[in-house]
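K.L.:
Provide a 3D model corresponding to the input given below.
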Amino acid sequence: MTNASTKLIHYLESHSDEFLHNWRRSIVISDKDLYKEEVLNNGVKMFQLVKRAIVTPLSEEEITILAHKTALERVNANVNISEFVYNVNIGKSIIIKWVSNSGIELRELQPLIEDINALFDRFSYLAVRKYTEIKEQQLQEKELYIDQTHKERLTILGQMSSSFVHEFRNPLTSIIGFTKLLQNGYPDLPYLDIVQHELQQLNYRISQFLHVSRKDLIDSTREEIVLTHHLEEIIEFLYPSLLDGEVSIEFKCEDDIKVVGNRDELRQVFLNLIMNSIDALQEVDGHRQIKVTGDVKDGKANLEISNNGPRIKAETIEAIFEPFYTTKDLGTGIGLYICKKLIEKHDGEISCQSNEEWTTFTIGIPVESNVVM
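P.N.:
Alright, predicted model coming up:
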């Protein structure tokens, strides 16, 4: 140990109470901090490390022990890490100031000041790195918990759906069958077409619960589908809803677009998107319009379903395909989630863009014949 080191240690020990008093008076400690006393104790321990470092270089382990202890306390205290960094810097500044006034020649003092600076910098780095690691681990655990909770929620919903579908599907099927018999026997019976339409809508909603309750959508029969004809049938089916909502629809699709897929699943997607558009347009005064366009590009059938309803905010667009997310007062938040799953099942993708004029859902489905059957 050099003569300068001996003098500096003696100087610091003789002024330790003053130093710690000034540091405590200058630091920031939140009123909500559960480790207030430990903040002060850690300051004392750091001061001791400084005195030891003046005598001989400290090992990485010695610095790490205090740094990791402090990081864990900062995490558990649930306060911003910036307070810790500020307090460490305050301690370093006060020590350097006191050391500079020790009366030791600058030539002898300079290496010691550099060692003190290096100690504080290393301590801060190790503590902040450990704090970040713990926070990231907590975030991962929280995300895992949310994911597991979500899966449990879907499982419970699946069990409910099975019971729900069993109780409602059988009488609904009977009612749909009898309305068809009535239509055959009494083709001019008023309002029968409306009754049939509403029953089909109810059947469609029940099917949604069946889909969302399954982790992976089950395999289904696929066939070659002429997209234009399929969409025309769906638009015709929705005509009463379009009329009731005072919505005009413009349909423009290339004639011979063929995809391989499940007819009922694609029908569910297109029905949901157009029905959502009709609902959204009820918030608009004046002309309400839906545009459905389709073409083929780069080996994909590209379909766009647009409406001139209210703009969807950017932060909302990022969440609309998540299960149970809804902006409707009585919405279930499963419609667009199912649309996304069904389109992905067909090796396609779905996205949404929205501005002040149009909200557009874009679907891309491969037209190649090698789609998995």
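
K.L.:
contacts, neighbours, all on C-alpha from now
P.N.:
Will do.

K.L.:
Check for me that Val128 belongs to a helix.
P.N.:
Yes: under DSSP: H, G, I helix; E, B strand; the rest coil, Val128 sits within a helix.

K.L.:
Could you check how far it is from Trp23?
P.N.:
Distance from Val128 to Trp23, counting by CA to CA, to the nearest Å: 20 Å.

K.L.:
Next, the buried residues of stretch 118-132.
P.N.:
Leu119, Phe120, Phe123, Ser124, Leu126, Ala127, Val128, Lys130, Tyr131 (16 or more other CA atoms under 10 Å).

K.L.:
Dump that stretch to PDB, keeping only the CA atoms.
P.N.:
Presented in PDB, the C-alpha positions along stretch 118-132 are these (Å, rounded to 0.1, in the frame of the first residue of the first chain):
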ATOM      1  CA  ALA A 118     -14.000   2.400 -12.200                       C
ATOM      2  CA  LEU A 119     -15.400   0.800  -9.100                       C
ATOM      3  CA  PHE A 120     -18.600   2.900  -9.200                       C
ATOM      4  CA  ASP A 121     -19.000   2.400 -12.900                       C
ATOM      5  CA  ARG A 122     -18.600  -1.400 -12.600                       C
ATOM      6  CA  PHE A 123     -21.000  -1.500  -9.700                       C
ATOM      7  CA  SER A 124     -23.600   0.400 -11.600                       C
ATOM      8  CA  TYR A 125     -23.200  -1.700 -14.700                       C
ATOM      9  CA  LEU A 126     -23.600  -5.000 -12.800                       C
ATOM     10  CA  ALA A 127     -26.600  -3.800 -10.800                       C
ATOM     11  CA  VAL A 128     -28.500  -2.400 -13.800                       C
ATOM     12  CA  ARG A 129     -27.700  -5.500 -15.800                       C
ATOM     13  CA  LYS A 130     -29.000  -7.800 -13.100                       C
ATOM     14  CA  TYR A 131     -32.100  -5.600 -12.600                       C
ATOM     15  CA  THR A 132     -32.800  -5.800 -16.300                       C
END
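
K.L.:
pLDDT averaged over that stretch - what is it?
P.N.:
The average pLDDT for stretch 118-132 rounds to 91.

K.L.:
Need the contact partners of it.
P.N.:
50, 53, 63-64, 67-68, 70-72, 74-75, 81, 85, 88-89, 92 (CA atoms under 8 Å, 6 or more residues apart in numbering).

K.L.:
and if we set it to 6 Å?
P.N.:
Stretch 118-132 is contacted by residues Ala67, His68, Ala71 when judged by CA atoms under 6 Å, 6 or more residues apart in numbering.

K.L.:
Can you say which of these are buried?
P.N.:
Judged by 16+ other CA under 10 Å, buried ones among the contacts of stretch 118-132: Ala67, His68, Ala71.

K.L.:
want to try CSV for those, with secondary structure, distance to His229 and pLDDT as columns?
P.N.:
Output for the buried ones among the contacts of stretch 118-132, formatted as CSV (DSSP: H, G, I helix; E, B strand; the rest coil; distance: CA to CA, whole Å; pLDDT from 0 to 100):
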residue, secondary structure, distance to His229, pLDDT
Ala67, helix, 69, 92
His68, helix, 67, 93
Ala71, helix, 64, 90
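
K.L.:
Looking at these, which is nearest Val296?
P.N.:
For these, the closest approach to Val296 (CA to CA) belongs to Ala71, at 57.0 Å.

K.L.:
per-domain residue ranges of the protein.
P.N.:
3-144, 154-212, 223-366 (automatic domain parsing).

K.L.:
Single out the most deeply packed of those domains.
P.N.:
Among the domains of the chain, domain 223-366 has the highest mean neighbour count (mean count of other CA atoms under 10 Å), at a mean of 17.

K.L.:
Give the rounded mean pLDDT of that domain.
P.N.:
Mean predicted confidence for domain 223-366 is 86.

K.L.:
Do me a favour and get the end-to-end distance for that domain?
P.N.:
Chord length of domain 223-366, first to last residue, is 13 Å (CA to CA).

K.L.:
Could you do stretch 352-364 as well?
P.N.:
12 Å.

K.L.:
Please work out which residues outside that stretch touch it.
P.N.:
Around stretch 352-364, the neighbours that count as contacts under CA under 6 Å, 6+ apart are 300-308, 311-312, 348-351.
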